[in-house]
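**Q** coordinates only, sequence not included:
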């Protein structure tokens, strides 16, 4: 219990790092897009996510020796499994695909993931990861950081909805009250956003940007919930290996789209004309590299809903950034809205910290089946 509480507070610290990092990254991209110096959201997202391949460096020895059979790395994991999970005479030991978690109902001991399982999980998640990041980055082309942050915060509703369907989140009156307070706070802050300095965006551009932000919020709620459902114990999961293969799969699968966008003239491949823009993009890439890792750790140490609602705290930080960098005035509605968001986070976090975790039994090969309840509910 003490270790669980310690992990929870570490997760909250990770959330704080992510909040500050994502707000900083949003301002950097918004600045680059606003002056139209390098408006290439797809290419920027491709380079940022592909950089995750650097996470494979610490595991290069195991990967060089990996042939699809049992390596020493996997032998160690099997040893952990034998010591932490009950022996099942009916289990298919030689199967290429084994459950992430023990399917024994009387055991809470998770099975460590093998290299092959981690690769499969990365392959499943890389598309969702890219769509969410691209949608968020592209939405900054024709909207303010505050507006994009507010719309992205609606992911808390998607997270609770999807989490309830996949039995990762439990719904109770306290959580619903927290979400209602958060929703009201978001609406109030949206009203204060109407006094932003006038920018030359057309109505169509604003609609497209807002739609992209909402799509990013939906996909974020989906993959954050599936990630938590797939991994019960973060200590049994090599998160660096996971991110490394997400970067590798992104690099391999997305380059044809890069070429299509280039030759169609939609988004040409070229270096930034200014060294300042290049430095800003490098800083943004570094922030993404670190913050996404912290985000995933926070998900595994706490819960998808806690992290998602916690990220609503980006709203007051984004508004403060607008005051500092864009000379925007703080209004009474902003103070009220930001306070409501803070209250909702505290309410949901206290409930999540006290509640018992929901049992999760999700093999990698069954993740596709996790989408079925969502389809049937729509």
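**A** Right, received. Where do you want to start? Here the structure is a predicted model, which means the values were calculated and not measured.
**Q** so residue 282 is in which element?
**A** For residue 282, the host element (DSSP states H and E) is helix 275-301.
**Q** That helix packs against which elements?
**A** Applying 3 or more C-beta pairs under 8 Å, 6 or more residues apart in numbering; DSSP states H and E, we find helix 275-301 packed against helix 2-34, helix 41-50, helix 203-230, helix 239-253, helix 304-310. From N, CA and C alone the C-beta is placed, and that goes for glycine too.
**Q** which one of those helices has the lowest average pLDDT?
**A** For these, the bottom mean pLDDT is recorded on helix 304-310, which sits at a mean of 80.
**Q** Now do that helix: distance to the chain's middle.
**A** Distance, stretch centre to chain centre, for helix 304-310: 10 Å (C-alpha atoms, centre = their mean, to the nearest Å).
**Q** Show me the shaky parts of the stretch 51-200 of the chain.
**A** Applying pLDDT under 70 to the stretch 51-200 of the chain flags residues 62, 65-111, 189-200.
**Q** For it, which segments are assigned as helices?
**A** In the stretch 51-200 of the chain, the helices defined using DSSP state H, counting those that start in this stretch lie at 60-64, 72-84, 115-139, 145-152, 155-165, 173-192.
**Q** what does the last one contact?
**A** Judged by C-beta atoms under 8 Å, 6 or more residues apart in numbering, the contacts made with helix 173-192 from elsewhere in the structure are 146-147, 150, 153-154, 156-157, 160, 169, 305, 309, 312, 315, 319, 331, 333-334, 336-341, 343-345, 347-348, 351.
**Q** Of the residues you listed, which belong to strands?
**A** Taking DSSP state E, every one of those sits outside strands.
**Q** just the buried members of those residues?
**A** By neighbour count, with 16 or more other C-beta atoms under 10 Å, those hold 146-147, 150, 153-154, 156-157, 160, 169, 305, 309, 312, 315, 319, 331, 333-334, 337-338, 340-341, 344-345, 347-348, 351 as buried.
**Q** circling back: with respect to residue 225, which of the helices of the stretch 51-200 of the chain lies nearest?
**A** helix 155-165 (4.7 Å; C-beta to C-beta).
**Q** and the closest one, what does it pack onto?
**A** Under the contact definition 3+ C-beta pairs under 8 Å, 6+ apart, helix 155-165 sits against helix 173-192, helix 203-230, helix 304-310, helix 367-377.
**Q** The second one relative to helix 239-253, how many degrees between them?
**A** Computed by axes from the mean of the first three to the mean of the last three C-alpha atoms, to 10 degrees, the angle separating helix 203-230 from helix 239-253 equals 130 degrees.
**Q** okay but residue 152 is in contact with residue 213, surely?
**A** Yes - between residue 152 and residue 213 there is a contact under C-beta atoms under 8 Å: 5.5 Å.
**Q** Now the common contact residues for these two.
**A** Common neighbours of residue 152 and residue 213, using C-beta under 8 Å, 6+ apart, are residue 136.
**Q** circling back to that earlier point, would you tell me which one of the helices and strands packed on helix 155-165 is buried the most?
**A** helix 304-310 (a mean of 28; mean count of other C-beta atoms under 10 Å).
**Q** hmm, who's touching it?
**A** In contact with helix 304-310 (C-beta under 8 Å, 6+ apart) are residues 11-12, 15, 18-19, 155-156, 159-160, 163, 168-169, 175, 178-179, 182, 220-221, 224-225, 227-228, 295, 298-299, 344-345, 348-349, 352.
**Q** OK, contacts around residue 57?
**A** residue 244.
**Q** 10 Å - rerun?
**A** 63, 240, 244 (C-beta atoms under 10 Å, 6 or more residues apart in numbering).
**Q** Rebuild those as CSV, extending it with neighbour count and distance to residue 284.
**A** Shown next, in CSV, are the contacts of residue 57 (neighbours: other C-beta atoms under 10 Å; distance: C-beta to C-beta, whole Å):
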residue, neighbour count, distance to residue 284
63, 16, 28
240, 18, 21
244, 24, 20
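**Q** Of those residues, which is the nearest to residue 23?
**A** The closest of the contacts of residue 57 to residue 23 turns out to be residue 240 (C-beta to C-beta; 24.7 Å).
**Q** Correct me if wrong: that closest one contacts residue 60.
**A** No - contact status for residue 240 versus residue 60: not in contact, 11.3 Å apart, counting by C-beta atoms under 10 Å.
**Q** Just give me the neighbour total for residue 238.
**A** For residue 238, the count of nearby residues is 21 (other C-beta atoms under 10 Å).
**Q** isn't it right next to residue 300, touching?
**A** No - with contact defined as C-beta under 10 Å, residue 238 does not reach residue 300; the gap is 11.8 Å.
**Q** got the phi/psi numbers for residue 39?
**A** phi -90, psi 80 (degrees, to the nearest 10).
**Q** how close does residue 321 sit to residue 226?
**A** 31 Å (C-beta to C-beta, to the nearest Å).
**Q** quick revisit: turn the contacts of residue 57 into a markdown table, including distance to residue 267.
**A** A markdown table is the format used below for those (distance: C-beta to C-beta, whole Å):
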| residue | distance to residue 267 |
| --- | --- |
| 63 | 33 |
| 240 | 30 |
| 244 | 26 |
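**Q** right, and out of those, which lies closest to residue 45?
**A** Nearest member of the contacts of residue 57 to residue 45, counting by C-beta to C-beta, is residue 244, at 17.5 Å.
**Q** Residue 238 is in contact with that closest one, correct?
**A** Yes - under the criterion of C-beta under 10 Å, residue 244 makes contact with residue 238 at 9.0 Å.
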